[in-house]
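Student: only geometry, no sequence info:
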């Protein structure tokens, strides 16, 4: 073998980046693969969608992150079309294939619409940077349409229905009412912006199912107090793009339906199942992994993050959140390092450091280890601080701080731009 | 008549905004029309194209600018398809038409390729925000392609030819070599980035024709010293997208051709000519106007900015630059105000306050009234200060300052994102 041991990492999300960072000093060649040339700070996508932040506040060039770290790390911009587990080769839509000695799949998850009629055609997702930019442009466009033809307001063109009362749905709902009530009300003084409904629909009997019932209740009451209509115990049954029908029979006229009600593993999981059979996948299309996060029978293939069906000691699937991905990335790096030293490490164990969701100005809920629960302004400040620290890159942090301070003191949202960006020429 | 005197302003560029601002306090209804919901700070487009700034640093929502001003100003997002000078009505591609008592056309200019073969199909312009985003993505994409297939570097895929040695061409050339030599060289350590040529092509015998020959020479020497190949006395004769042929017979293999070699008046000018005949237009497709910037025979229709064929006392066409547009906007506001008071103001006179072009770090040329010439670091500092002050909106200014400081001290360009933004659903 005329080359060093090569580790290929597919996906530059939280898991992939944590892994690459933790591999520093390990004598292996690393190739980090992603279909975008930037890492997306997904927890703040809703801020781009609600015009508080712009692209480069939450997206950071992968090559820049990697270059800062130094070491033998290569970056490959490309779309993975297949993985040959026997030949240990990754194939791409464009350009030559790539052999590996160890492979880490960290490709995350995509929006799942579960076949609900009309959702795939008419709903907006919120998983990618482009999703957020397109959603922002669409919502603003509806206000522009109504300002030209007032009768559209009676057709519900300003209404937004958000399907899914998890953190993304809650944060988006909170961000939208702030955008409407604080900013667009001034942008469109001739419109009765209060008639723009924001409806958050959740089939379970409470929002934020992974939080304590008390925090769930607080989130619901805070949102309701700010003008969000929270519908519990009913889901979206279907839509034709103009009306959203709920499972309880209610019909809501809309201009915008946002689907945050489900995710499924990246299409990469299906490629693995094509090779190993359907048993290779578990709930949510996630890839079954053993205690060391490897695919059964393939100790050289790790899966981490939202793509992995990793379990805790009780056999329960771990949640698909950034902290799990980041801890798994660091863990896999330690396994790769240990193997280089001829050692065998223990199993992966996730330490829950808590979770947070923000509802808007001075309102967030946080559930921390040791039974600590924060809400209201303390929760909001904790949320602000944590997200600033987590944001990759000093410049992003300063810009986000400037933008947040600006939004806070002026109630403005400076990024409310409708940018139609045609695809690049080739 | 059951409505107030209505002034319709087409175009929210420097001219249109200056006009609307100067109309404050005048008892007329104003409708500001633009096809985008944001004002673009065109002089900094090249910074977006070279990944130093992102969209919301140089684009500001029109409704926000107008709302801050107060008064009876309406905003209409729409594309003007025709202007009926007899009925005094503006027609739109979408939605109802709009009647006016006075009309101000400030729709600016678009890229003109003069029929040079292949340019319309293969070249990138730099007049709109989307132009800059598409150009940025394309240039970065060429480096990603070459990093996968090194042989492409021999085909010249990394080369950029910029046609046109005016301020835009000079600033873009300077920005590109900085991006290449300071940032991409670190992003792509395995590539010989020095082989990426930046060629600036200008048919005249010097760059920056509107500046003094001494400053032109300085700009050329500074660019050359930083690695830009400056070609004088030859233009682009044609391209097939892979090779650019110059009028002197030279052939340059390219991955990117940028066309900053010409502009022509907005298509609005043709609509006017359709009504008034070809004599309504002058050089560059600009609309002929009288000494008060009105269309002959239509005292109620003003034309300002790049769209206007305004002349100085000697009958020379005024340059198509932001200061002319802004002064014309303020002047037309004074005419509208005077007419309300039954007065007749004097003719429009442009006062030249100088011009500036930046070449990069510590290098700019500035030509100020009174024969003051700045170059090097003093010119650069003057340029920085002026552009910061001119940028609409405090938040933009702070963000731009943060980004510039970041770029300056780290030699980084944080906005090097390849974002393919699909068009919004409707």
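Tutor: Good, I have the coordinates. Computed from a predicted structure; not experimentally measured.
Student: In chain A, what residue spans correspond to helices?
Tutor: Under the criterion DSSP state H, chain A carries helices at the ranges A:14-22, A:45-49, A:55-58, A:62-69, A:119-122, A:129-148, A:167-178, A:185-187, A:213-225, A:268-276, A:322-340, A:376-390, A:394-410.
Student: Show me what the shortest one is packed up against.
Tutor: By that I understand helix A:185-187. helix B:62-69 (3 or more CB pairs under 8 Å, 6 or more residues apart in numbering or on different chains; DSSP states H and E). In short, each C-beta sits where N, CA and C put it, glycine included.
Student: Now do the helix it packs on against helix A:129-148, angle only.
Tutor: Interaxial angle, helix B:62-69 versus helix A:129-148 (axes from the mean of the first three to the mean of the last three CA atoms, to 10 degrees): 60 degrees.
Student: Now helix B:62-69: buried residues?
Tutor: For helix B:62-69, burial by neighbour count (16 or more other CB atoms under 10 Å in any protein chain shown) applies to B:62-67.
Student: And for stretch A:276-294?
Tutor: Buried, per 16+ other CB under 10 Å, within stretch A:276-294: A:276, A:280-282, A:284-290, A:293-294.
Student: Check stretch A:371-383 too.
Tutor: Buried residues in stretch A:371-383, counted by 16+ other CB under 10 Å: A:373-375, A:379-380, A:382-383.
Student: Run through who's touching stretch A:235-253.
Tutor: A:116-119, A:121-123, A:155-157, A:159, A:161, A:163, A:197, A:199, A:201-203, A:231, A:233-234, A:254, A:257, A:259, A:261 (CB atoms under 8 Å, 6 or more residues apart in numbering or on different chains).
Student: Distance to chain B and pLDDT added to the buried residues of stretch A:371-383, as a markdown table?
Tutor: Output for these, formatted as a markdown table (distance: CB to the nearest CB, whole Å; pLDDT from 0 to 100):
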| residue | distance to chain B | pLDDT |
| --- | --- | --- |
| A:373 | 34 | 89 |
| A:374 | 29 | 89 |
| A:375 | 29 | 88 |
| A:379 | 26 | 87 |
| A:380 | 21 | 86 |
| A:382 | 25 | 85 |
| A:383 | 22 | 85 |
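Student: Could you single out the nearest of those to residue A:30?
Tutor: Nearest to residue A:30 among the buried residues of stretch A:371-383: residue A:383, at 32.5 Å, using CB to CB.
Student: Now do the helix or strand of chain A with the lowest mean pLDDT: distance to the chain's middle.
Tutor: Taking mean pLDDT, DSSP states H and E as the measure, chain A has helix A:394-410 as its least confident helix or strand, at a mean of 76. Counting by CA atoms, centre = their mean, to the nearest Å, helix A:394-410 is centred 21 Å from the centre of its parent chain.
Student: what does stretch A:347-364 give?
Tutor: With CA atoms, centre = their mean as the basis, the mean position of stretch A:347-364 lies at 14 Å from the chain mean.
Student: Ends of that stretch, what's the gap?
Tutor: 34 Å (CA to CA, to the nearest Å).
Student: tell me the two of the buried residues of helix B:62-69 that are most distant?
Tutor: B:62 and B:67 (9.4 Å).
Student: with the buried residues of helix B:62-69 in mind, which one is nearest to chain A?
Tutor: When the buried residues of helix B:62-69 are ranked by distance to chain A (CB to the nearest CB), residue B:63 comes first, at 3.8 Å.
Student: For the closest one, give its distance to residue B:186.
Tutor: According to CB to CB, to the nearest Å, residue B:63 and residue B:186 sit 40 Å apart.
Student: Equivalent analysis for residue A:96, please.
Tutor: 24 Å.
Student: try residue A:127
Tutor: 30 Å.
Student: and if you look at residue A:210?
Tutor: 41 Å.
Student: the more surrounded of these two?
Tutor: For residue A:210 versus residue B:186, neighbours defined as other CB atoms under 10 Å in any protein chain shown are more numerous around residue B:186 (16 against 13).
Student: Contacts only, for the more buried one.
Tutor: Counting by CB under 8 Å, 6+ apart, residue B:186 has contacts A:63-64, A:67.
Student: Could you dump the residues you listed into TSV and include pLDDT?
Tutor: Below are the contacts of residue B:186 laid out as TSV (pLDDT from 0 to 100):
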residue	pLDDT
A:63	94
A:64	89
A:67	85
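Student: contacts with chain B among those, please.
Tutor: A:63-64, A:67 (CB under 8 Å from any CB of the partner chain).
Student: Turn those residues into TSV, columns for distance to residue B:171.
Tutor: What follows is the ones next to chain B among the contacts of residue B:186, written out as TSV (distance: CB to CB, whole Å):
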residue	distance to residue B:171
A:63	25
A:64	23
A:67	26
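Student: nearest to chain B, of those?
Tutor: Using CB to the nearest CB, the ones next to chain B among the contacts of residue B:186 come closest to chain B at residue A:63, 3.8 Å.
Student: Who's the closest spatial neighbour of that closest one, skipping the chain neighbours?
Tutor: residue B:187 (3.8 Å; CB to CB, 6 or more residues apart in numbering or on different chains).
Student: re the thing from before, nearest to residue B:24 among the contacts of residue B:186?
Tutor: residue A:64 (44.3 Å).
Student: so where do the strands sit in the stretch 201-350 of chain A?
Tutor: Ranges of strands in the stretch 201-350 of chain A, per DSSP state E, counting those that start in this stretch, are A:228-232, A:236-239, A:243-246, A:251-253, A:256-259, A:263-265, A:287-288, A:294-295, A:298-303, A:308-309.
Student: Need the ones you listed in CSV (columns: distance to residue B:72 and mean pLDDT).
Tutor: Formatted as CSV, the strands of the stretch 201-350 of chain A follow (distance: least, CB to CB, whole Å; pLDDT from 0 to 100):
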stretch, distance to residue B:72, mean pLDDT
strand A:228-232, 33, 98
strand A:236-239, 39, 98
strand A:243-246, 36, 98
strand A:251-253, 32, 98
strand A:256-259, 30, 98
strand A:263-265, 48, 95
strand A:287-288, 61, 98
strand A:294-295, 67, 97
strand A:298-303, 61, 97
strand A:308-309, 59, 97
